[in-house]
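In: Predicted coordinates and the sequence they were generated for:
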Amino acid sequence: MDSEKKEQIRQERKKDIRKTTSIARKINTSFWVKRFSDAVVFDIILIVLIAAVYIWWCHDQIPEGFSRGEKWEFTGNSLANVRYVITVSNGESYYFDMYTFVSYLIYPFIVLFGLEILHLFFAIFNTGEIRRKLKPLNDLAVRAEQFSSISLDNSEQLEHLKDAISAVAPDGKDIKIKTGDKDLQSIEVALNNLLNRMQETQKQQTRFISDASHELRTPISVIQGYVNLLDRWGKEDETVLAESIEALKHESEHMKELIEQLLFLARGDSGRNTLKKADFNLADIMQEVWEESVMIDDKHRYELKTDGAVTMNGDMAMIKQSVRIFVQNAAKYSNEGDTITLSVKYIDGKASYIVQDEGVGMAKSDVIHIFERFYRSDQARSGDTGGSGLGLSIAKWIIDAHDGVIEVLSRLEFGTRFTVTFANTEKSMPIVSNKH
């Protein structure tokens, strides 16, 4: 039985090869005819151009004052005695031997025609090459035909696939569907890729919940600790009372901010964050953030650089929030006295803003993760910087929602530069700024 099946497969393969060869031969014939016609057209155009140049050269030999000839014609009855005759206004004739001119071109033409003949000759034998290039397409067609022949009602292969899917453990670490059937390998790959993406999404959700729980646990634990401290000594000790109230206010504000950030990202993930877009001057936004930063932070120097009005369309409040996040991040990781620069300009005709600091900077291994939720580099965790690790994630969401692009350039001990470009904006007539 096995030998009969092998022989049947062998005969089918021979049939497929013959079919592919026939198709390749037809394709090669059409290609050869196209190459031949292209060569003929090229030669005709070349001959016409050479004849035009020859005639122009002959007329250029006529002395000035005779208007380059009053009459011209070819004479002679063979290539050896063909002449081009130009008769000028005074009746004088000038003769140019065609054979002399052609004799200079005969050898280049022989070489050119020889190369064309060789090219056309070898092009005849390209059937095998075309057949090899058609093989993947032929295999794909055969595979599709085999798959289409599977009965949906009574198929052993589909039963294998159902069993393989049923055997998958939903909580397994490495989910893989394997039927052992070569005909179903492509379906296995597609399903396994889908399962891998679902697993990755589940891991991200689990990590998000775990990180959020961890971030909320810390302020709750602090609040609980100070409440116990108040319960024991705060009723009588005013120092303990004042310290506890201040700590409770700080931790409750921190927890409120964290919850608001989590809700913002959750609304963004579910598509419930709506953008109120309008035309506005991005330079005004940067100036407002610069004024706020100068007023509330006297530990750093803030510089503002603008190239006049920079117009864009978007949600002004959210864009301002993204700028604040980058500025707060720059202040958080910069030393006292460092300069933080806010810039607004057009980059390749697109509205852009830049926030640059002279802070601690980041390693390349950190840069690729900074927009992940709750991610903070080792330096950020070891320093007394606070924060939830959600700010840059929120800024990234806002920029993405405006079809923007964020470019990060950072070097350890040299600082970090965030460049935000809004790719869907075009440089246009500026809006009149309200700032003076």
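Out: Cool, the structure landed. The structure presented is a predicted model; accordingly, all values stated were derived computationally and were not measured. Numbering: from 1, shown residues only.
In: you'd agree residue 397 is up against residue 267?
Out: No: in this structure, residue 397 is not within contact of residue 267 by C-beta atoms under 8 Å, at 9.8 Å. For glycine as for every other residue, the C-beta is placed from the backbone atoms N, C-alpha and C.
In: between the two, who's got more neighbours?
Out: A count of neighbours by other C-beta atoms under 10 Å puts residue 397 above the other of residue 397 and residue 267, at 20 against 13.
In: Helix, strand, or coil at that one?
Out: Using DSSP: H, G, I helix; E, B strand; the rest coil, the structure places residue 397 in helix.
In: Show the pLDDT at it.
Out: At residue 397, the model reports a pLDDT of 90.
In: Mind giving me the packing neighbours of the helix or strand containing residue 341?
Out: Element membership for residue 341 (DSSP states H and E) is strand 339-347. With contacts taken as 3 or more C-beta pairs under 8 Å, 6 or more residues apart in numbering; DSSP states H and E, strand 339-347 sits against helix 282-296, strand 301-306, helix 316-332, strand 350-356.
In: and for it, what are the contacting residues?
Out: With contacts defined as C-beta atoms under 8 Å, 6 or more residues apart in numbering, strand 339-347 is touched by 282-283, 286, 289-290, 293, 300-307, 310, 323, 327, 330-331, 334, 352-358, 419, 421, 427.
In: returning to what we had before: quick one: common contacting residues for residue 397 and residue 267?
Out: residue 273.
In: So which residues of this protein form helices?
Out: Using DSSP state H, the helices of the chain run over 2-60, 98-123, 127-148, 156-166, 185-229, 238-269, 282-296, 316-332, 364-367, 378-382, 391-401.
In: Need the CA coordinates for the last one. PDB is fine.
Out: The reference is to helix 391-401. Written as PDB, here are the backbone C-alpha positions of helix 391-401 (Å, rounded to 0.1, in the frame of the first residue of the first chain):
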ATOM      1  CA  GLY A 391       3.700  60.000  33.600                       C
ATOM      2  CA  LEU A 392       5.700  59.200  30.500                       C
ATOM      3  CA  SER A 393       3.100  56.500  29.600                       C
ATOM      4  CA  ILE A 394       0.400  59.100  29.700                       C
ATOM      5  CA  ALA A 395       2.500  61.500  27.600                       C
ATOM      6  CA  LYS A 396       3.000  58.800  25.100                       C
ATOM      7  CA  TRP A 397      -0.700  58.100  24.900                       C
ATOM      8  CA  ILE A 398      -1.500  61.800  24.300                       C
ATOM      9  CA  ILE A 399       1.200  62.100  21.600                       C
ATOM     10  CA  ASP A 400       0.000  58.900  19.900                       C
ATOM     11  CA  ALA A 401      -3.600  60.100  20.000                       C
END
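In: measure residue 81 to residue 74 for me?
Out: Residue 81 sits 11 Å away from residue 74 when distances are taken as C-beta to C-beta, to the nearest Å.
In: right, I mislabeled it, should have said residue 373
Out: Remark: distance between residue 373 and residue 74 (C-beta to C-beta) = 86 Å.
In: okay, these two: which has more neighbours?
Out: Neighbours were counted for residue 373 and for residue 74 using other C-beta under 10 Å; residue 373 has more, 20 against 11.
In: Just the buried positions in stretch 291-309, please.
Out: Within stretch 291-309, the residues that count as buried by 16 or more other C-beta atoms under 10 Å are 293, 300, 302, 304, 306, 309.
In: for residue 417, which residues make a bridge with it?
Out: Applying DSSP bridges to residue 417 yields these beta-bridge partners: residue 356, residue 409.
In: Tell me how far it lies from residue 401.
Out: In this view, residue 417 and residue 401 are 22 Å apart by C-beta to C-beta.
In: Looking at those two, which one has more neighbours?
Out: Neighbour count, other C-beta under 10 Å: between residue 417 and residue 401, residue 417 has more, with 19 against 16.
In: For the stretch 301-436 of the chain, which residues score under the pLDDT cut-off?
Out: Low-confidence segments of the stretch 301-436 of the chain (pLDDT under 70): 376-388, 424-436.
In: Then the stretch 151-300 of the chain?
Out: Along the stretch 151-300 of the chain, segments meeting pLDDT under 70 span 151-188, 203-216, 218, 234-235, 254.
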